[in-house]
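**Q** starting from these lines, generate the structure:
(chains A and B)
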Amino acid sequence: MNALLLKDWYVLIRQSKLTMVIVIVFTIVGVASSTFFYAAVAAIVCVMLPLTTMAYDQMHHWDRFVIGLPIERKDVVRSKYLLALLALSLSVLMLAIVGFAFYLANDIALETVLFMLWTQLVAGLFFLSVNYPIVIKMGFERGRIWYIIITIPIVSLSGVLNSILDMESLSMHVSIRNFAYLIIPILMVIGSYLLSVRYMESKEY
Amino acid sequence: MDAIRCIGLKKDYGDFSLYLDKLVVPQGSIVGLIGENGAGKSTTIRLLLSLAIADAGSIELFGEAVDRLTVRHRDVVGFVMEDAWPSAYLTACQTGKVMQKAYSKWDAARYDDLLDRLGIPREKLFKDFSHGMKMKLVLAIALSHHAKLLILDEPTSSLDPMTRDEILTILMEFTRDEDHTVLISSHIISDLEKICDYITYIHRGRILLSSEKDQLEQVYVIASCTHQQSFDLDPSTVLGRKDSPYGAKVLMRREHVPDFMQKQLFNLEEMMILLAKGGNLR
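**A** Modelled structure (predicted):
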(Lines give C-alpha, C1' and ligand atoms only; values in the text may rest on other atoms or scores of the structure.)
Protein backbone atom coordinates (compact mmCIF):
# COMPACT_ATOMS: atom_id res chain seq x y z
CA MET A 1 0.00 0.00 0.00
CA ASN A 2 2.99 2.27 0.54
CA ALA A 3 3.53 2.25 -3.22
CA LEU A 4 0.01 3.61 -3.77
CA LEU A 5 0.33 6.31 -1.13
CA LEU A 6 3.68 7.40 -2.57
CA LYS A 7 2.21 7.55 -6.06
CA ASP A 8 -0.77 9.62 -4.89
CA TRP A 9 1.56 11.90 -2.95
CA TYR A 10 3.58 12.58 -6.11
CA VAL A 11 0.37 13.27 -8.04
CA LEU A 12 -1.09 15.56 -5.39
CA ILE A 13 2.00 17.71 -4.91
CA ARG A 14 2.10 18.22 -8.66
CA GLN A 15 -1.59 18.67 -9.39
CA SER A 16 -3.30 19.97 -6.27
CA LYS A 17 -1.35 22.99 -5.07
CA LEU A 18 -4.26 25.29 -5.94
CA THR A 19 -6.67 23.05 -4.02
CA MET A 20 -4.51 23.33 -0.92
CA VAL A 21 -4.52 27.12 -1.23
CA ILE A 22 -8.34 27.03 -1.46
CA VAL A 23 -8.52 24.93 1.73
CA ILE A 24 -6.27 27.36 3.63
CA VAL A 25 -8.22 30.42 2.40
CA PHE A 26 -11.63 28.84 3.23
CA THR A 27 -10.41 27.87 6.70
CA ILE A 28 -9.16 31.38 7.53
CA VAL A 29 -12.23 33.09 6.02
CA GLY A 30 -14.53 30.62 7.82
CA VAL A 31 -13.00 31.26 11.22
CA ALA A 32 -12.66 35.00 10.72
CA SER A 33 -16.36 35.29 9.85
CA SER A 34 -17.53 32.52 12.23
CA THR A 35 -19.11 30.79 9.21
CA PHE A 36 -19.38 27.02 9.46
CA PHE A 37 -20.30 26.84 5.76
CA TYR A 38 -16.67 27.52 4.85
CA ALA A 39 -15.47 24.88 7.30
CA ALA A 40 -17.74 22.31 5.63
CA VAL A 41 -16.52 23.30 2.16
CA ALA A 42 -12.87 23.11 3.27
CA ALA A 43 -13.47 19.56 4.56
CA ILE A 44 -15.24 18.50 1.37
CA VAL A 45 -12.45 19.95 -0.76
CA CYS A 46 -9.92 17.95 1.30
CA VAL A 47 -11.85 14.72 0.94
CA MET A 48 -12.13 15.46 -2.79
CA LEU A 49 -8.35 15.27 -3.18
CA PRO A 50 -8.13 11.46 -3.32
CA LEU A 51 -11.24 11.50 -5.49
CA THR A 52 -9.30 13.70 -7.89
CA THR A 53 -6.47 11.14 -7.93
CA MET A 54 -9.08 8.46 -8.74
CA ALA A 55 -10.23 10.56 -11.69
CA TYR A 56 -6.63 10.85 -12.92
CA ASP A 57 -6.12 7.10 -12.36
CA GLN A 58 -9.11 6.26 -14.52
CA MET A 59 -8.45 8.90 -17.15
CA HIS A 60 -4.87 7.74 -17.71
CA HIS A 61 -5.50 3.99 -17.13
CA TRP A 62 -3.45 3.60 -13.96
CA ASP A 63 -6.54 1.86 -12.48
CA ARG A 64 -5.92 -1.09 -14.88
CA PHE A 65 -2.16 -1.01 -14.47
CA VAL A 66 -2.34 -1.25 -10.67
CA ILE A 67 -4.37 -4.47 -10.92
CA GLY A 68 -1.33 -6.14 -12.54
CA LEU A 69 0.99 -5.05 -9.72
CA PRO A 70 1.57 -7.20 -6.62
CA ILE A 71 -0.95 -5.20 -4.62
CA GLU A 72 -4.22 -6.46 -3.14
CA ARG A 73 -7.32 -4.88 -4.63
CA LYS A 74 -8.56 -4.04 -1.15
CA ASP A 75 -5.30 -2.12 -0.58
CA VAL A 76 -6.16 0.06 -3.59
CA VAL A 77 -9.41 1.01 -1.82
CA ARG A 78 -7.73 1.25 1.59
CA SER A 79 -5.10 3.68 0.30
CA LYS A 80 -7.78 6.05 -1.04
CA TYR A 81 -9.75 6.00 2.24
CA LEU A 82 -6.57 6.47 4.24
CA LEU A 83 -5.56 9.39 2.06
CA ALA A 84 -9.02 10.95 2.46
CA LEU A 85 -8.87 10.59 6.24
CA LEU A 86 -5.37 12.06 6.29
CA ALA A 87 -6.50 15.01 4.18
CA LEU A 88 -9.56 15.51 6.41
CA SER A 89 -7.36 15.34 9.53
CA LEU A 90 -5.08 17.98 8.09
CA SER A 91 -8.01 20.25 7.33
CA VAL A 92 -9.39 19.73 10.89
CA LEU A 93 -5.96 20.41 12.36
CA MET A 94 -5.64 23.57 10.32
CA LEU A 95 -9.10 24.74 11.41
CA ALA A 96 -8.27 23.95 15.04
CA ILE A 97 -5.03 25.95 14.90
CA VAL A 98 -6.64 28.96 13.17
CA GLY A 99 -9.77 28.71 15.36
CA PHE A 100 -7.90 28.60 18.65
CA ALA A 101 -5.64 31.43 17.51
CA PHE A 102 -8.77 33.56 16.92
CA TYR A 103 -10.22 32.34 20.26
CA LEU A 104 -7.06 33.40 22.10
CA ALA A 105 -7.29 36.79 20.42
CA ASN A 106 -10.89 36.99 21.80
CA ASP A 107 -12.32 37.27 18.29
CA ILE A 108 -14.44 34.10 18.50
CA ALA A 109 -16.19 31.97 21.14
CA LEU A 110 -14.74 28.55 21.98
CA GLU A 111 -18.15 26.95 21.30
CA THR A 112 -18.14 28.36 17.78
CA VAL A 113 -14.72 26.85 17.08
CA LEU A 114 -15.89 23.49 18.43
CA PHE A 115 -19.06 23.68 16.35
CA MET A 116 -17.06 24.44 13.22
CA LEU A 117 -14.76 21.51 13.91
CA TRP A 118 -17.76 19.25 14.43
CA THR A 119 -19.37 20.51 11.21
CA GLN A 120 -16.16 19.93 9.30
CA LEU A 121 -15.75 16.37 10.54
CA VAL A 122 -19.35 15.42 9.84
CA ALA A 123 -19.36 16.99 6.36
CA GLY A 124 -16.05 15.37 5.42
CA LEU A 125 -16.92 11.90 6.69
CA PHE A 126 -20.40 12.04 5.12
CA PHE A 127 -19.02 13.12 1.75
CA LEU A 128 -16.36 10.40 1.89
CA SER A 129 -18.74 7.60 2.82
CA VAL A 130 -21.33 8.45 0.16
CA ASN A 131 -19.18 9.34 -2.83
CA TYR A 132 -16.27 6.90 -2.73
CA PRO A 133 -18.25 3.68 -3.33
CA ILE A 134 -20.11 5.37 -6.19
CA VAL A 135 -16.91 6.43 -7.94
CA ILE A 136 -15.27 3.03 -7.35
CA LYS A 137 -18.28 1.17 -8.73
CA MET A 138 -19.27 3.42 -11.61
CA GLY A 139 -16.00 5.14 -12.44
CA PHE A 140 -15.41 8.86 -12.15
CA GLU A 141 -17.06 9.77 -15.46
CA ARG A 142 -20.42 8.18 -14.64
CA GLY A 143 -20.07 8.58 -10.89
CA ARG A 144 -19.60 12.32 -11.03
CA ILE A 145 -23.25 12.86 -11.94
CA TRP A 146 -24.18 11.25 -8.61
CA TYR A 147 -21.32 13.10 -7.03
CA ILE A 148 -22.86 16.40 -8.18
CA ILE A 149 -26.39 15.30 -7.22
CA ILE A 150 -25.18 14.49 -3.70
CA THR A 151 -22.70 17.29 -3.11
CA ILE A 152 -24.56 20.34 -4.39
CA PRO A 153 -27.61 19.90 -2.09
CA ILE A 154 -25.36 19.36 0.95
CA VAL A 155 -23.27 22.44 0.25
CA SER A 156 -26.37 24.50 -0.63
CA LEU A 157 -28.23 23.36 2.50
CA SER A 158 -25.30 24.25 4.72
CA GLY A 159 -25.12 27.65 3.02
CA VAL A 160 -28.86 28.27 3.59
CA LEU A 161 -28.71 27.08 7.22
CA ASN A 162 -25.70 29.25 7.77
CA SER A 163 -27.58 32.33 6.61
CA ILE A 164 -30.82 31.70 8.56
CA LEU A 165 -29.52 30.25 11.83
CA ASP A 166 -28.15 32.30 14.65
CA MET A 167 -24.64 30.95 14.84
CA GLU A 168 -23.89 32.36 18.27
CA SER A 169 -26.90 30.77 20.01
CA LEU A 170 -26.50 27.53 18.06
CA SER A 171 -22.84 27.30 18.99
CA MET A 172 -23.66 27.74 22.68
CA HIS A 173 -25.45 24.38 22.65
CA VAL A 174 -22.39 22.65 21.33
CA SER A 175 -20.02 20.99 23.73
CA ILE A 176 -17.46 18.23 23.66
CA ARG A 177 -20.34 15.77 24.23
CA ASN A 178 -21.69 16.50 20.75
CA PHE A 179 -18.61 14.87 19.28
CA ALA A 180 -20.06 11.58 20.52
CA TYR A 181 -22.51 11.87 17.61
CA LEU A 182 -19.55 11.42 15.28
CA ILE A 183 -20.02 7.70 15.79
CA ILE A 184 -22.72 7.85 13.08
CA PRO A 185 -20.51 9.20 10.24
CA ILE A 186 -17.66 6.96 11.45
CA LEU A 187 -19.90 3.91 11.13
CA MET A 188 -20.96 5.20 7.71
CA VAL A 189 -17.30 5.39 6.63
CA ILE A 190 -16.66 1.81 7.81
CA GLY A 191 -19.74 0.58 5.91
CA SER A 192 -18.72 2.59 2.87
CA TYR A 193 -15.21 1.13 2.93
CA LEU A 194 -16.51 -2.45 3.10
CA LEU A 195 -18.88 -1.74 0.20
CA SER A 196 -16.06 -0.19 -1.86
CA VAL A 197 -13.83 -3.24 -1.25
CA ARG A 198 -16.66 -5.46 -2.42
CA TYR A 199 -17.10 -3.41 -5.60
CA MET A 200 -13.36 -3.40 -6.27
CA GLU A 201 -13.00 -7.16 -5.73
CA SER A 202 -15.68 -7.92 -8.32
CA LYS A 203 -14.60 -5.31 -10.86
CA GLU A 204 -13.44 -6.51 -14.28
CA TYR A 205 -11.23 -4.59 -16.67
CA MET B 1 6.84 -27.89 -16.27
CA ASP B 2 4.49 -25.46 -17.97
CA ALA B 3 4.56 -21.81 -16.96
CA ILE B 4 0.92 -21.50 -18.02
CA ARG B 5 -1.65 -24.21 -18.67
CA CYS B 6 -5.25 -23.28 -19.40
CA ILE B 7 -7.92 -25.89 -19.99
CA GLY B 8 -11.45 -25.11 -21.19
CA LEU B 9 -11.09 -21.41 -20.45
CA LYS B 10 -14.30 -19.63 -21.31
CA LYS B 11 -15.45 -16.02 -21.24
CA ASP B 12 -18.71 -14.79 -22.69
CA TYR B 13 -19.32 -11.08 -23.35
CA GLY B 14 -22.59 -11.56 -25.22
CA ASP B 15 -21.41 -10.22 -28.58
CA PHE B 16 -18.10 -12.07 -28.28
CA SER B 17 -17.12 -15.30 -26.62
CA LEU B 18 -13.72 -16.82 -26.02
CA TYR B 19 -13.17 -20.52 -25.58
CA LEU B 20 -9.64 -21.87 -25.25
CA ASP B 21 -9.76 -25.64 -25.11
CA LYS B 22 -6.06 -25.87 -24.29
CA LEU B 23 -3.41 -23.17 -24.10
CA VAL B 24 0.02 -24.27 -22.92
CA VAL B 25 3.08 -22.08 -22.44
CA PRO B 26 6.10 -24.29 -21.63
CA GLN B 27 8.56 -22.89 -19.11
CA GLY B 28 11.64 -21.39 -20.73
CA SER B 29 9.95 -20.70 -24.04
CA ILE B 30 8.59 -17.73 -25.94
CA VAL B 31 5.04 -18.32 -27.11
CA GLY B 32 3.51 -15.97 -29.64
CA LEU B 33 -0.21 -15.33 -29.65
CA ILE B 34 -1.34 -14.28 -33.10
CA GLY B 35 -4.70 -13.40 -34.56
CA GLU B 36 -6.57 -10.55 -36.18
CA ASN B 37 -7.93 -7.59 -34.20
CA GLY B 38 -10.78 -8.72 -31.98
CA ALA B 39 -9.80 -12.40 -32.20
CA GLY B 40 -9.47 -12.73 -28.42
CA LYS B 41 -5.76 -12.15 -27.74
CA SER B 42 -6.29 -9.31 -25.28
CA THR B 43 -9.17 -11.11 -23.59
CA THR B 44 -6.91 -14.14 -23.12
CA ILE B 45 -4.26 -11.93 -21.53
CA ARG B 46 -6.80 -10.18 -19.30
CA LEU B 47 -8.00 -13.57 -18.08
CA LEU B 48 -4.44 -14.71 -17.40
CA LEU B 49 -3.74 -11.56 -15.41
CA SER B 50 -7.09 -11.78 -13.55
CA LEU B 51 -8.31 -8.47 -14.89
CA ALA B 52 -11.30 -10.44 -16.05
CA ILE B 53 -12.65 -13.61 -14.47
CA ALA B 54 -13.34 -16.68 -16.60
CA ASP B 55 -16.86 -18.11 -16.70
CA ALA B 56 -15.43 -21.62 -16.80
CA GLY B 57 -12.16 -23.51 -17.13
CA SER B 58 -8.94 -23.68 -15.20
CA ILE B 59 -5.64 -21.81 -15.15
CA GLU B 60 -2.42 -23.26 -13.78
CA LEU B 61 0.63 -21.09 -13.19
CA PHE B 62 3.89 -23.02 -12.72
CA GLY B 63 1.84 -26.11 -11.87
CA GLU B 64 -0.32 -24.36 -9.30
CA ALA B 65 -4.06 -23.97 -9.90
CA VAL B 66 -5.06 -20.33 -9.57
CA ASP B 67 -8.54 -18.83 -9.52
CA ARG B 68 -7.09 -15.35 -9.32
CA LEU B 69 -3.50 -14.19 -9.30
CA THR B 70 -2.40 -13.37 -5.77
CA VAL B 71 0.24 -10.83 -4.72
CA ARG B 72 2.79 -13.67 -4.67
CA HIS B 73 2.00 -14.57 -8.31
CA ARG B 74 2.03 -10.96 -9.50
CA ASP B 75 5.41 -10.45 -7.92
CA VAL B 76 6.93 -12.84 -10.49
CA VAL B 77 4.80 -11.84 -13.49
CA GLY B 78 5.79 -8.86 -15.64
CA PHE B 79 3.11 -7.48 -17.92
CA VAL B 80 2.23 -5.16 -20.73
CA MET B 81 -1.46 -4.58 -21.29
CA GLU B 82 -3.56 -2.57 -23.65
CA ASP B 83 -4.61 0.71 -21.98
CA ALA B 84 -2.81 0.04 -18.72
CA TRP B 85 -0.21 2.64 -17.91
CA PRO B 86 1.81 3.96 -14.97
CA SER B 87 0.63 7.22 -13.47
CA ALA B 88 0.58 10.05 -16.01
CA TYR B 89 1.86 12.66 -13.54
CA LEU B 90 5.00 10.80 -12.49
CA THR B 91 8.44 10.88 -14.05
CA ALA B 92 10.31 7.65 -14.85
CA CYS B 93 12.41 8.18 -11.70
CA GLN B 94 9.34 8.59 -9.49
CA THR B 95 7.69 5.59 -11.14
CA GLY B 96 10.79 3.55 -10.27
CA LYS B 97 10.49 4.58 -6.60
CA VAL B 98 6.82 3.57 -6.56
CA MET B 99 7.61 0.20 -8.15
CA GLN B 100 10.37 -0.37 -5.60
CA LYS B 101 7.69 -0.28 -2.91
CA ALA B 102 5.37 -2.56 -4.90
CA TYR B 103 7.72 -5.38 -5.99
CA SER B 104 9.64 -7.42 -3.42
CA LYS B 105 12.57 -7.99 -5.80
CA TRP B 106 12.73 -4.63 -7.51
CA ASP B 107 16.15 -4.14 -9.11
CA ALA B 108 16.80 -0.38 -9.21
CA ALA B 109 20.15 -0.85 -11.00
CA ARG B 110 18.53 -2.94 -13.72
CA TYR B 111 15.75 -0.35 -14.13
CA ASP B 112 18.30 2.43 -14.36
CA ASP B 113 20.22 0.46 -16.96
CA LEU B 114 17.09 -0.12 -19.03
CA LEU B 115 16.17 3.57 -18.91
CA ASP B 116 19.58 4.29 -20.45
CA ARG B 117 19.44 1.47 -22.95
CA LEU B 118 15.96 2.34 -24.19
CA GLY B 119 16.61 6.09 -24.14
CA ILE B 120 13.82 6.86 -21.68
CA PRO B 121 14.02 10.37 -20.19
CA ARG B 122 14.19 10.29 -16.41
CA GLU B 123 12.57 13.60 -15.46
CA LYS B 124 9.87 13.98 -18.09
CA LEU B 125 6.28 13.33 -17.04
CA PHE B 126 4.78 10.10 -18.35
CA LYS B 127 1.84 11.99 -19.87
CA ASP B 128 4.26 13.84 -22.13
CA PHE B 129 5.81 10.63 -23.50
CA SER B 130 5.07 9.42 -27.01
CA HIS B 131 3.19 6.11 -27.26
CA GLY B 132 6.42 4.29 -28.11
CA MET B 133 8.22 5.81 -25.12
CA LYS B 134 5.32 4.83 -22.83
CA MET B 135 5.56 1.27 -24.07
CA LYS B 136 9.31 1.24 -23.44
CA LEU B 137 8.84 2.39 -19.84
CA VAL B 138 6.21 -0.29 -19.17
CA LEU B 139 8.61 -2.89 -20.57
CA ALA B 140 11.43 -1.53 -18.41
CA ILE B 141 9.19 -2.01 -15.36
CA ALA B 142 8.25 -5.54 -16.44
CA LEU B 143 11.92 -6.43 -16.82
CA SER B 144 13.16 -4.88 -13.57
CA HIS B 145 11.65 -7.03 -10.84
CA HIS B 146 13.18 -10.45 -11.63
CA ALA B 147 9.97 -11.76 -13.15
CA LYS B 148 9.86 -15.43 -14.13
CA LEU B 149 7.06 -14.87 -16.62
CA LEU B 150 6.30 -12.00 -18.95
CA ILE B 151 2.77 -11.62 -20.32
CA LEU B 152 2.88 -8.99 -23.04
CA ASP B 153 -0.04 -7.69 -25.07
CA GLU B 154 1.09 -5.99 -28.27
CA PRO B 155 4.32 -4.63 -26.77
CA THR B 156 5.83 -3.71 -30.12
CA SER B 157 2.81 -2.07 -31.71
CA SER B 158 3.37 1.52 -32.84
CA LEU B 159 7.12 1.30 -32.26
CA ASP B 160 9.67 2.11 -34.92
CA PRO B 161 11.67 -0.82 -36.40
CA MET B 162 14.86 0.05 -34.48
CA THR B 163 13.06 0.09 -31.12
CA ARG B 164 11.14 -3.07 -31.97
CA ASP B 165 14.39 -4.80 -32.73
CA GLU B 166 15.91 -3.56 -29.46
CA ILE B 167 12.92 -4.85 -27.49
CA LEU B 168 12.98 -8.23 -29.23
CA THR B 169 16.67 -8.51 -28.39
CA ILE B 170 15.94 -7.74 -24.73
CA LEU B 171 13.20 -10.40 -24.70
CA MET B 172 15.59 -12.97 -26.20
CA GLU B 173 18.15 -12.07 -23.52
CA PHE B 174 15.44 -12.55 -20.90
CA THR B 175 14.77 -16.12 -22.03
CA ARG B 176 18.44 -17.07 -21.95
CA ASP B 177 17.64 -18.08 -18.40
CA GLU B 178 15.77 -21.34 -18.92
CA ASP B 179 13.35 -20.53 -16.05
CA HIS B 180 12.16 -17.42 -17.85
CA THR B 181 9.07 -17.56 -20.03
CA VAL B 182 7.34 -15.10 -22.33
CA LEU B 183 3.80 -15.07 -23.69
CA ILE B 184 3.56 -12.32 -26.25
CA SER B 185 0.67 -11.27 -28.43
CA SER B 186 1.15 -9.24 -31.56
CA HIS B 187 -0.28 -8.69 -34.97
CA ILE B 188 3.22 -7.85 -36.23
CA ILE B 189 3.90 -11.44 -37.14
CA SER B 190 7.39 -10.79 -38.45
CA ASP B 191 8.37 -9.84 -34.87
CA LEU B 192 7.04 -13.09 -33.49
CA GLU B 193 8.71 -15.12 -36.27
CA LYS B 194 12.04 -13.74 -35.08
CA ILE B 195 11.77 -14.73 -31.43
CA CYS B 196 9.05 -17.30 -30.77
CA ASP B 197 9.50 -21.00 -30.09
CA TYR B 198 5.76 -21.69 -30.28
CA ILE B 199 2.90 -20.05 -32.10
CA THR B 200 -0.75 -20.10 -31.04
CA TYR B 201 -3.24 -18.73 -33.52
CA ILE B 202 -6.55 -17.46 -32.15
CA HIS B 203 -9.37 -16.83 -34.60
CA ARG B 204 -12.81 -15.62 -33.58
CA GLY B 205 -12.27 -16.59 -29.97
CA ARG B 206 -11.00 -20.12 -30.66
CA ILE B 207 -7.54 -21.61 -30.95
CA LEU B 208 -7.14 -22.57 -34.56
CA LEU B 209 -3.55 -23.69 -34.36
CA SER B 210 -0.92 -24.23 -31.69
CA SER B 211 2.45 -25.60 -32.60
CA GLU B 212 6.20 -25.29 -32.42
CA LYS B 213 7.14 -22.60 -34.91
CA ASP B 214 9.77 -24.72 -36.68
CA GLN B 215 7.34 -27.57 -37.03
CA LEU B 216 4.88 -25.39 -38.94
CA GLU B 217 7.32 -25.07 -41.82
CA GLN B 218 7.92 -28.82 -41.88
CA VAL B 219 4.24 -29.75 -41.81
CA TYR B 220 2.50 -27.05 -43.84
CA VAL B 221 3.10 -25.68 -47.31
CA ILE B 222 1.74 -22.65 -49.11
CA ALA B 223 1.46 -23.51 -52.79
CA SER B 224 0.08 -21.70 -55.82
CA CYS B 225 -1.73 -22.89 -58.89
CA THR B 226 -4.32 -21.75 -61.45
CA HIS B 227 -7.94 -21.35 -60.48
CA GLN B 228 -8.88 -24.40 -62.52
CA GLN B 229 -6.21 -26.56 -60.88
CA SER B 230 -7.32 -25.39 -57.42
CA PHE B 231 -10.89 -26.57 -58.12
CA ASP B 232 -9.57 -30.04 -58.94
CA LEU B 233 -7.92 -30.38 -55.52
CA ASP B 234 -9.46 -32.71 -52.95
CA PRO B 235 -11.34 -30.19 -50.69
CA SER B 236 -10.44 -32.17 -47.57
CA THR B 237 -6.75 -31.42 -48.19
CA VAL B 238 -7.23 -27.67 -48.58
CA LEU B 239 -6.68 -26.05 -45.19
CA GLY B 240 -6.98 -22.49 -46.41
CA ARG B 241 -7.10 -20.64 -49.69
CA LYS B 242 -7.00 -17.19 -51.20
CA ASP B 243 -7.93 -16.31 -54.75
CA SER B 244 -6.37 -13.49 -56.74
CA PRO B 245 -6.68 -12.46 -60.43
CA TYR B 246 -3.51 -14.44 -61.16
CA GLY B 247 -4.47 -17.72 -59.53
CA ALA B 248 -5.00 -19.32 -56.15
CA LYS B 249 -2.83 -19.74 -53.09
CA VAL B 250 -3.57 -22.79 -51.01
CA LEU B 251 -2.44 -23.97 -47.60
CA MET B 252 -1.96 -27.75 -47.39
CA ARG B 253 -0.10 -30.33 -45.43
CA ARG B 254 3.20 -31.09 -47.14
CA GLU B 255 2.26 -34.67 -48.06
CA HIS B 256 -0.94 -33.56 -49.82
CA VAL B 257 0.65 -31.10 -52.24
CA PRO B 258 0.36 -32.40 -55.85
CA ASP B 259 3.39 -32.14 -58.14
CA PHE B 260 1.79 -29.52 -60.42
CA MET B 261 1.60 -26.95 -57.60
CA GLN B 262 4.36 -24.45 -56.99
CA LYS B 263 5.58 -24.47 -53.39
CA GLN B 264 6.34 -21.05 -51.92
CA LEU B 265 8.69 -19.94 -49.22
CA PHE B 266 6.88 -20.50 -45.90
CA ASN B 267 5.49 -17.32 -44.41
CA LEU B 268 3.60 -17.27 -41.11
CA GLU B 269 1.68 -14.12 -41.95
CA GLU B 270 0.43 -15.58 -45.21
CA MET B 271 -0.50 -18.80 -43.44
CA MET B 272 -2.58 -16.80 -40.97
CA ILE B 273 -4.36 -14.97 -43.79
CA LEU B 274 -5.12 -18.23 -45.63
CA LEU B 275 -6.49 -19.82 -42.49
CA ALA B 276 -8.59 -16.76 -41.70
CA LYS B 277 -10.13 -16.91 -45.18
CA GLY B 278 -12.20 -19.98 -44.61
CA GLY B 279 -9.51 -22.39 -43.56
CA ASN B 280 -9.87 -25.02 -40.92
CA LEU B 281 -7.13 -27.19 -39.51
CA ARG B 282 -9.43 -29.47 -37.57
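**Q** and residue B:239, what are its phi and psi?
**A** Per-residue torsions, residue B:239: phi -90, psi -20 (degrees, to the nearest 10).
**Q** no no, residue B:250
**A** Dihedral angles for residue B:250 - degrees, to the nearest 10 - are phi -130, psi 140.
**Q** which residues does it contact?
**A** Applying CB atoms under 8 Å, 6 or more residues apart in numbering or on different chains, we find residue B:250 in contact with B:222, B:223, B:224, B:225, B:230, B:233, B:238, B:239, B:240, B:241, B:261, B:274. (Each C-beta comes from the backbone N, C-alpha and C, glycine too.)
**Q** do residue A:22 as well
**A** A:42, A:45.
**Q** spell out which residues of chain A are next to chain B.
**A** By the rule CB under 8 Å from any CB of the partner chain, the part of chain A lying against chain B is A:2-3, A:6-7, A:10-11, A:14-15, A:56-57, A:59-62, A:64-65, A:67-72, A:204-205.
**Q** please check these and keep the buried ones.
**A** A:3, A:6-7, A:10-11, A:56-57, A:60-62, A:64-65, A:67-71, A:205 (16 or more other CB atoms under 10 Å in any protein chain shown).
**Q** which ones among these lie within helices?
**A** A:3, A:6, A:7, A:10, A:11, A:56, A:57, A:62, A:64, A:65, A:67, A:68 (DSSP state H).
**Q** just checking, the second one touches residue B:99?
**A** Read that as residue A:6. No - Residue A:6 is beyond contact range of residue B:99, at 10.0 Å (criterion: CB atoms under 8 Å).
**Q** quick one: the helices in chain B, in order.
**A** Counting by DSSP H, the helices of chain B are B:41-48, B:71-74, B:92-102, B:108-117, B:131-142, B:161-174, B:189-195, B:213-219, B:227-231, B:268-276.
**Q** chain A too?
**A** A:2-15, A:17-32, A:36-59, A:62-68, A:73-104, A:110-164, A:167-172, A:183-202.
**Q** report the separation between the nearest residue to residue B:269 once chain neighbours are set aside and chain A.
**A** In space, and not counting its chain neighbours, residue B:269 is closest to residue B:189: 4.3 Å by CB to CB, 6 or more residues apart in numbering or on different chains. When distance is defined by CB to the nearest CB, to the nearest Å, residue B:189 is 25 Å away from chain A.
**Q** pull the number of nearby residues for residue B:189.
**A** Neighbour count of residue B:189, defined by other CB atoms under 10 Å in any protein chain shown: 20.
**Q** give me the beta-bridge partners of the most centrally placed residue in chain B?
**A** Nearest to the mean C-alpha position of chain B, by CA atoms, centre = their mean, lies residue B:185 at 2.0 Å. Legend: beta-bridge partners of residue B:185 under DSSP bridges are residue B:33, residue B:153.
**Q** can you check the pLDDT for it?
**A** Per-residue confidence for residue B:185 comes out at a pLDDT of 94.
**Q** quick one: contacts for it?
**A** B:32, B:33, B:34, B:35, B:41, B:42, B:44, B:45, B:152, B:153, B:154.
**Q** adding pLDDT and distance to residue A:184, write those out as JSON lines.
**A** Formatted as JSON lines, the contacts of residue B:185 follow (pLDDT from 0 to 100; distance: CB to CB, whole Å):
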{"residue": "B:32", "pLDDT": "95", "distance to residue A:184": "58"}
{"residue": "B:33", "pLDDT": "95", "distance to residue A:184": "53"}
{"residue": "B:34", "pLDDT": "92", "distance to residue A:184": "58"}
{"residue": "B:35", "pLDDT": "89", "distance to residue A:184": "55"}
{"residue": "B:41", "pLDDT": "93", "distance to residue A:184": "50"}
{"residue": "B:42", "pLDDT": "93", "distance to residue A:184": "45"}
{"residue": "B:44", "pLDDT": "95", "distance to residue A:184": "48"}
{"residue": "B:45", "pLDDT": "95", "distance to residue A:184": "45"}
{"residue": "B:152", "pLDDT": "96", "distance to residue A:184": "50"}
{"residue": "B:153", "pLDDT": "94", "distance to residue A:184": "47"}
{"residue": "B:154", "pLDDT": "91", "distance to residue A:184": "50"}
